[in-house]
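Asker: Here's a sequence, model it:
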Amino acid sequence: MKNEDFCFSNLEETVDNRILVLVIYDIVDNKKRLRLAKYLQGYGFRIQKSAFEALLRENLYEKMLVGLRGFASDIDSIRVYKIIGKNQIKNFGRNLSYAQDEVIIV
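Answerer: Now for the predicted structure:
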């Protein structure tokens, strides 16, 4: 699938049983924040400085959640949103589109 062929508006039609996940975070420690960003790059794509999107099968989603637990502390925040359903994303400004491969690098 080419980058220009991917469109969130027809997500259910182009993606079989994968789910769209949004991860946002606020990590105080710079080194830990960098490690978290590298960890999330193994699952998805950075869409903003502290936000990643990923298209994952349920088993990889669960695996990602287990790994995220190790990054949070009392002063940090990590939020994970499962976006389910057609037309759930509205984009304004720069349009970031990408193709999601089945390869996960951790």
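
Asker: which stretches of the chain form strands?
Answerer: With DSSP state E as the criterion, the chain has strands at 19-26, 45-48, 51-56, 77-83.

Asker: Could you say which of those strands is packed most deeply?
Answerer: Among the strands of the chain, strand 51-56 has the highest mean neighbour count (mean count of other Cβ atoms under 10 Å), at a mean of 20. Just so you know, the C-beta spots here come from the backbone N, C-alpha and C atoms, and that holds for glycine as well.

Asker: Show me what that strand pairs with in its sheet, parallel or antiparallel.
Answerer: strand 19-26 (antiparallel), strand 45-48 (antiparallel) (DSSP bridges).

Asker: on that earlier part again, redo the strands of the chain as CSV? Include mean pLDDT.
Answerer: Below are those laid out as CSV (pLDDT from 0 to 100):
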stretch, mean pLDDT
strand 19-26, 94
strand 45-48, 93
strand 51-56, 94
strand 77-83, 94
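
Asker: Run through who's touching stretch 32-39.
Answerer: Residues outside stretch 32-39 that contact it (Cβ atoms under 8 Å, 6 or more residues apart in numbering) are 25, 27, 46, 50, 52, 67, 68, 71, 76, 78, 106.

Asker: Give me the below-cutoff pLDDT ranges for the protein.
Answerer: Along the chain, segments meeting pLDDT under 70 span 1-16, 85-91, 94-106.

Asker: all helices of it, in order?
Answerer: 11-14, 30-41, 58-68 (DSSP state H).

Asker: so the longest one versus strand 51-56, what angle?
Answerer: Interaxial angle of helix 30-41 relative to strand 51-56 (axes from the mean of the first three to the mean of the last three Cα atoms, to 10 degrees): 30 degrees.

Asker: With just CA atoms, put helix 30-41 into CSV.
Answerer: These are the backbone C-alpha positions of helix 30-41, laid out as CSV (Å, rounded to 0.1, in the frame of the first residue of the first chain):
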residue,chain,number,x,y,z
ASN,A,30,14.5,13.6,29.1
LYS,A,31,16.2,10.2,28.9
LYS,A,32,13.1,8.3,29.8
ARG,A,33,11.0,10.4,27.3
LEU,A,34,13.5,9.5,24.5
ARG,A,35,13.3,5.8,25.4
LEU,A,36,9.5,6.0,25.3
ALA,A,37,9.5,7.7,21.9
LYS,A,38,11.9,5.0,20.6
TYR,A,39,9.6,2.3,22.1
LEU,A,40,6.5,3.7,20.4
GLN,A,41,8.3,4.1,17.1
